[in-house]
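> Would you be able to build a 3D model of this:
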Amino acid sequence: MTANQFNSNKENHLSIHKKATVVDLHTHPLLNMWFLGRDLSKRHHPPLFYNPFLNHVDLPRAKEGGVDVLFSMIYSPPKPFTRKTHTEICFDMMALMEKFVESNQDKIGVARTVKDIEQINNEGKVAFIHAIEGGHAIGKDLDNLHRFHAQGVRYMTLTHFINNRIAAAAAHPFRLCDGLTNFGRDVVREMNKLGLLIDTAHCSEKAFWAVMDLSDAPVVATHIGVRKLALVIFKERNLSDEQIRAIADKGGLIGVIFCPWYLKRWSLFSKVEVLIANIKYIADRVGADHVALGSDMDGWLWNVRGIRDIRDLPKVTQALLNSGFSEEEVMKILGGNFIRVLKEVEKNANCET
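Okay, here's the model as predicted:
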């Protein structure tokens, strides 16, 4: 890249970022709201020295970062330290977010469809979308899946760090069932019918392949890295080349996580270039149509150096341009790909009904 090209990218990246529909597939504002009592309508300071318990995301900084769509993850810890069920806790968390949205309706709105996103964004507001991390949220009852969908949940990560009634987890070494359970197969089929995005991040490899065989709709892996670039402790947590191709063949999407240990082998504090390297690795193999951003901000991890919080997403745009991606490709990675996949999943659900 010549000096003139670099300077041109530096000047143009903000206009491209502003023009794009910027989507982060995986953020955890509810963790800090629910467990730490943070008011995310106010500006907070970014984390210092990679402290994962300080805020990456709040409304003022999301607007400053040019964010159009944020997924608000609903997550009940495996041991919730309460007599309430995981399902009850997750509905309570949703209610907290809904109350927050109502109190800040001049700045944000909850979206359920692509049309909702467009309307909310056209009003100059950020679209929040409910999503569940960990299928233990529905227990063993498909009716709970329907209830969550009816209240606005639009994707579910099938499992998390522990096995559940749906699927085996990548991080869990002891598995009675190494893939999908019979109930898990029912869940996948029902999610297709409802138009719920299926997220395979955290799934064991056998569970992943079972999902790919069963699903009639595109599948996503929302916050993940490339296995050949970063072999994390539990190797199945990152995607193999075969899995990358399988997601692309189904028309799906891979959201690249911002935490450095998922991006480069033996790395804790790498720069933004390792994030771009993972994006480029995927794009080189299956095209830029199947890559997205899935930061996992406020998931009590830390980001690559140079991305202190959500305000810094325009730096990702600039880094993508500097690495050789075209404006069209950058627009897709920032959010266009997600809009396409959501439309396809919605269409597939309408065909089922």
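
> In the protein, mark out all the helices, start to finish.
In the chain, the helices defined using DSSP state H lie at 3-19, 29-36, 59-64, 86-103, 114-122, 142-150, 182-194, 205-214, 241-249, 272-286, 313-322, 327-331, 337-352.

> Can I get these in JSON lines including distance to Met297?
From N, CA and C alone the C-beta is placed, and that goes for glycine too. Below are the helices of the chain laid out as JSON lines (distance: least, Cβ to Cβ, whole Å):
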{"stretch": "helix 3-19", "distance to Met297": "17"}
{"stretch": "helix 29-36", "distance to Met297": "9"}
{"stretch": "helix 59-64", "distance to Met297": "10"}
{"stretch": "helix 86-103", "distance to Met297": "16"}
{"stretch": "helix 114-122", "distance to Met297": "19"}
{"stretch": "helix 142-150", "distance to Met297": "23"}
{"stretch": "helix 182-194", "distance to Met297": "25"}
{"stretch": "helix 205-214", "distance to Met297": "24"}
{"stretch": "helix 241-249", "distance to Met297": "22"}
{"stretch": "helix 272-286", "distance to Met297": "13"}
{"stretch": "helix 313-322", "distance to Met297": "10"}
{"stretch": "helix 327-331", "distance to Met297": "20"}
{"stretch": "helix 337-352", "distance to Met297": "16"}
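
> deepest of these, which one?
Neighbour counts (mean count of other Cβ atoms under 10 Å) averaged over each of these peak at helix 313-322, with a mean of 22.

> now that helix: mean pLDDT?
Mean pLDDT, helix 313-322: 98.

> how far is that helix from where the chain is centred?
Put simply, helix 313-322 sits 19 Å off its chain's centre (Cα atoms, centre = their mean, to the nearest Å).

> for it, packing partners?
helix 3-19, helix 272-286, helix 327-331 (3 or more Cβ pairs under 8 Å, 6 or more residues apart in numbering; DSSP states H and E).

> between those, which one is nearest to Val316?
The closest of the helices and strands packed on helix 313-322 to Val316 is helix 272-286. By Cβ to Cβ, the value is 6.9 Å.

> Phe53 and Gly299, how far apart?
Separation of Phe53 from Gly299 (Cβ to Cβ, to the nearest Å): 11 Å.

> more crowded one of the two?
Neighbours were counted for Phe53 and for Gly299 using other Cβ atoms under 10 Å; Gly299 has more, 20 against 11.

> got a pLDDT number for that one?
94.

> ok, now which ones touch the nearest residue to it once chain neighbours are set aside?
Excluding its sequence neighbours, the residue lying closest to Gly299 (Cβ to Cβ, 6 or more residues apart in numbering) is His28, at 4.5 Å. His28 makes contacts with 57, 73, 75, 296-300, as judged by Cβ atoms under 8 Å, 6 or more residues apart in numbering.
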